[in-house]
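A.B. asks: fold the following, please.
(one chain, ligands or ions: 2)
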Amino acid sequence: MQNYPVLSYIELPPIRVRNTFGGKLEEFKPLRPGLVRMYVCGPTVYDYTHLGHARTYVAFDAIKRYLRLRGYNVYHVQNITDIDDKIINRAREEGKDWREIVETYAKDYFEGLRALRIKIDMHPRVTSHIREIIEFIEGLIDKGYAYVAPSGSVYFEVDKYPDYGRLSGRFHPEEWRQEEDVLKEKKNPYDFALWKAWKPGEPYWEAPWGRGRPGWHIECSVMASRYLGDQFDIHGGGQDLIFPHHENERAQSEAYFGKKPWVRYWLHTGYLTIRGEKMSKSLGNIIPLREALKKWSPETLRLWILSAHYRTQLDFSEESLEQAKANLRRLRGALQGLQRIIEEVDPQSRLGDSEAKLVNTVLTLYKEFHEAMSNDFNTSRALAAALKLVKTVNAEILPAENYTAAILAYRTLLEFNEVFAVLDDIVYGVAQQAQKLVGKLVDLIVKVRAELRARKMYELADNIRAELGELGIKLYDYPGGKTTWRFEEG
Ligand SMILES: Nc1ncnc2c1ncn2[C@@H]1O[C@H](COP(=O)(O)OP(=O)(O)OP(=O)(O)O)[C@@H](O)[C@H]1O
Ligand SMILES: [Zn+2]
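C.D. replies: Residues are numbered from 1 along each chain as shown. Ligands and ions are numbered 1, 2, ... in the order given. You can find the predicted model right below:
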């Protein structure tokens, strides 16, 4: 006898995450059971969304989807930086109003997310939160963590927060980027701006210490806390943000709230590179997402991005995208084959030894998928498990027409798709498409019937009406010749 019972309950492994803070793999336990609050640093909208951004957004989308698959209620906030030096400079270069720049590229960003099937719960913008930002800065000044400089700029005094540097592991003041014109008014070169005093020609808001605009880091502290509370579970972004952005966010938030930790798990994505260099607007090597979408489907792009673990570097190449395309084709083929078996083949009444072995193989791969995803969301290994399953499906399950193995393999691919979202059209689309087609066909019949009535062929028209009625489709004729229809039970 072999290892029965094959259909035993599969216990899923606990989720573990690599926390940038401390660098260790930790068991994932949200602050409130069942609820995950997640903030991801979104774009500064001064140029087109590129594949580097897409990498980070898709990675966090997959993390969110996996947490949902495991039963968590995830609330995902991702900001839009709609005021910043880069936006102001871009507006100047193009001779446009900065708001026009923001709207153009925010639209492009939303289109990109929609294409990639990424749904974010809340998209706060900086300029809609100026009041809250000012209050937060006032609080930091009151608590002695920040000071107003002669220019009217406000700085966070890093020395007042002894824990500074623990997230990024960077403690050396000489590493701080220094801006010449502000250096002289800061207590220490490594103090960072919470509020930037107004310069002629720049947009501004009034604040108690003078007109100006918020610095970059403060916005995320304010908006994350406003929507997720003064302590939350996941804070994410690309690894370029660890220092100084997230180090500064952490310092000012823990200083303000007087609670630790502000964030439970810091997660950072590795770079998307091109010929080994970070894809970046400033390096001029970007591939805009909208261009990539002309060449590859959103599903291919998602599968390609998720073929690497989120923390590793992912290098762009046509070959790797072609590989993703081929993998997608194989996944689709297997899923469709399984659908056919489930629909057409009768369930087994008894599993023989070889069939039980096959079922066990599927269950092992199901487990492998969850083990990979539970281990710091390793989509790369999860995909490998799914592709192994495809092989088994093609080589054994489809030829043997094994219903039990097929339905378990199908369920595994459905769960895979819950995270990867690359097979939605097959999983959900068939029913939707069929529904649409039925609608169009009924419209066509109604049109033909109207023509028959116009030609006084009433008997034929009445027959059509009766036959449609038999199918549960009721027609309503109105004076003037208009006809509507709807499905009616019984
Ligand atoms: N090449 C990349 N790989 C992975 N993530 C990236 C890459 N470039 C930017 N990101 C991430 O995308 C999000 C939005 O980035 P943001 O708009 O601040 O980009 P940026 O720094 O202005 O872009 P660039 O680096 O092209 O100038 C951030 O979380 C950032 O870390
Ligand atoms: Zn941020």
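A.B. asks: from here on, contacts and neighbour counts on C-alpha atoms
C.D. replies: Fine.
A.B. asks: burial check on residue 192, number of neighbours?
C.D. replies: Applying other Cα atoms under 10 Å, we find 24 other residues in the vicinity of residue 192.
A.B. asks: output the lowest mean pLDDT helix or strand found in the protein.
C.D. replies: Ranked by mean pLDDT, DSSP states H and E, the weakest helix or strand in the chain is helix 180-183, scoring a mean of 70.
A.B. asks: in contact with the closest residue to residue 487 other than its chain neighbours, which residues?
C.D. replies: Counting by Cα to Cα, 6 or more residues apart in numbering, the nearest residue to residue 487 once its immediate chain neighbours are dropped is residue 473, at 4.6 Å. Applying Cα atoms under 8 Å, 6 or more residues apart in numbering, we find residue 473 in contact with 485-488.
A.B. asks: contact residues of the stretch 251-400 of the chain facing ligand 1?
C.D. replies: 270-273, 278-282 (Cα under 6 Å from any ligand atom).
A.B. asks: before we move on, back to that, filter the contacts of residue 473 down to the ones in strands?
C.D. replies: Residues of those located in strands (DSSP state E): 485-487.
A.B. asks: which one (most neighbours) among the residues you listed?
C.D. replies: Using other Cα under 10 Å as the neighbour test, those are led by residue 485, with 15 neighbours.
A.B. asks: that one is in contact with residue 476, isn't it?
C.D. replies: Yes: if you go by Cα atoms under 8 Å, residue 485 and residue 476 touch, sitting 6.0 Å apart.
A.B. asks: what mean pLDDT does the helix or strand hosting residue 139 get?
C.D. replies: Counting by DSSP states H and E, the secondary-structure element that holds residue 139 is helix 130-142. Helix 130-142 carries an average pLDDT of 98.
A.B. asks: still on that earlier bit, need the ones in strands among the contacts of residue 473 in TSV with pLDDT and distance to residue 80, can you?
C.D. replies: Formatted as TSV, the ones in strands among the contacts of residue 473 follow (pLDDT from 0 to 100; distance: Cα to Cα, whole Å):
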residue	pLDDT	distance to residue 80
485	90	45
486	88	44
487	84	44
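A.B. asks: make JSON lines from those and add distance to residue 415 to it.
C.D. replies: Formatted as JSON lines, the ones in strands among the contacts of residue 473 follow (distance: Cα to Cα, whole Å):
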{"residue": "485", "distance to residue 415": "38"}
{"residue": "486", "distance to residue 415": "35"}
{"residue": "487", "distance to residue 415": "33"}
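A.B. asks: thinking again about what came up before, mind checking pLDDT for the residue nearest to residue 487?
C.D. replies: pLDDT, residue 473: 91.
A.B. asks: against residue 466, how distant is it?
C.D. replies: Distance, residue 473 to residue 466, using Cα to Cα, to the nearest Å: 9 Å.
A.B. asks: just residue 242 next, same as before
C.D. replies: When residue 242 is compared with residue 466 (using Cα to Cα), they lie 69 Å apart.
A.B. asks: what do you get for residue 24?
C.D. replies: Applying Cα to Cα to residue 24 and residue 466 gives a distance of 70 Å.
A.B. asks: what do you get for residue 329?
C.D. replies: 44 Å.
A.B. asks: also residue 268?
C.D. replies: 63 Å.
A.B. asks: higher neighbour count, these two?
C.D. replies: residue 268 (24 against 15).
A.B. asks: quick one: residue 285 is in a strand?
C.D. replies: No: assessed by DSSP: H, G, I helix; E, B strand; the rest coil, residue 285 does not belong to a strand; its assignment is coil.
A.B. asks: test my guess that residue 212 contacts residue 204.
C.D. replies: Yes: Residue 212 is within contact range of residue 204, at 4.6 Å (criterion: Cα under 8 Å).
A.B. asks: between these two, what contacts are shared?
C.D. replies: With Cα under 8 Å, 6+ apart, residue 212 and residue 204 have common neighbours residue 198.
A.B. asks: OK, contacts around the closest residue to ligand 1 within the stretch 101-250 of the chain?
C.D. replies: Closest contact between the stretch 101-250 of the chain and ligand 1, by Cα to the nearest ligand atom, is at residue 238 (3.0 Å). With contact set as Cα under 8 Å, 6+ apart, residue 238 has these partners: 56, 268-271.
A.B. asks: what about it, distance to residue 80?
C.D. replies: Distance from residue 238 to residue 80, by Cα to Cα: 15 Å.
A.B. asks: likewise residue 309?
C.D. replies: Residue 309 is 25 Å from residue 80, by Cα to Cα.
A.B. asks: now do residue 256
C.D. replies: According to Cα to Cα, residue 256 stands 23 Å off from residue 80.
A.B. asks: can you tell me the closest non-neighbouring residue to the most centrally placed residue in the chain?
C.D. replies: The residue lying closest to the centre of the chain (Cα atoms, centre = their mean) is residue 61, at 2.5 Å. In space, residue 61 comes closest to residue 118 once its chain neighbours are excluded; the distance is 6.3 Å by Cα to Cα, 6+ apart.
A.B. asks: which regions of the stretch 251-400 of the chain lie under the pLDDT threshold?
C.D. replies: Of all residues in the stretch 251-400 of the chain, none has pLDDT under 70.
A.B. asks: in the longest helix seen in the chain, what counts as buried?
C.D. replies: Scanning the chain for the longest helix, with DSSP state H as the assignment, gives helix 318-344. Buried residues in helix 318-344, counted by 16 or more other Cα atoms under 10 Å: 321, 323-325, 327-328, 330-335, 337-339, 341-342.
A.B. asks: equivalent analysis for stretch 184-194, please.
C.D. replies: Quick answer for stretch 184-194 (16+ other Cα under 10 Å): 186, 189-194.
A.B. asks: biggest separation within those, which pair?
C.D. replies: Comparing every pair within the buried residues of stretch 184-194 by Cα to Cα identifies 189 and 194 as the most remote, at 14.2 Å.
A.B. asks: right, and the pair among the residues of the stretch 251-400 of the chain next to ligand 1 with maximum separation?
C.D. replies: Going by Cα to Cα, the pair spanning these furthest: 270 and 282, at 17.7 Å.
A.B. asks: what about the two, which has more around it?
C.D. replies: Neighbour tally, residue 270 and residue 282, criterion other Cα under 10 Å: the higher count belongs to residue 270, 21 against 8.
A.B. asks: contacts only, for that one.
C.D. replies: So residue 270 contacts 238-239, 310-314 (Cα under 8 Å, 6+ apart).
A.B. asks: alongside ligand 1, which residues does the stretch 101-250 of the chain contribute?
C.D. replies: Residues of the stretch 101-250 of the chain lying near ligand 1 (Cα under 6 Å from any ligand atom): 237-241.
A.B. asks: and those, which two are furthest apart?
C.D. replies: Going by Cα to Cα, the pair spanning those furthest: 237 and 240, at 8.0 Å.
A.B. asks: those two: who's more crowded?
C.D. replies: residue 237 (24 against 14).
A.B. asks: beta partners for that one?
C.D. replies: residue 268 (DSSP bridges).
A.B. asks: show me what contacts it?
C.D. replies: 40-42, 56, 267-269.
A.B. asks: cutoff 6 Å now
C.D. replies: 40-41, 268 (Cα atoms under 6 Å, 6 or more residues apart in numbering).
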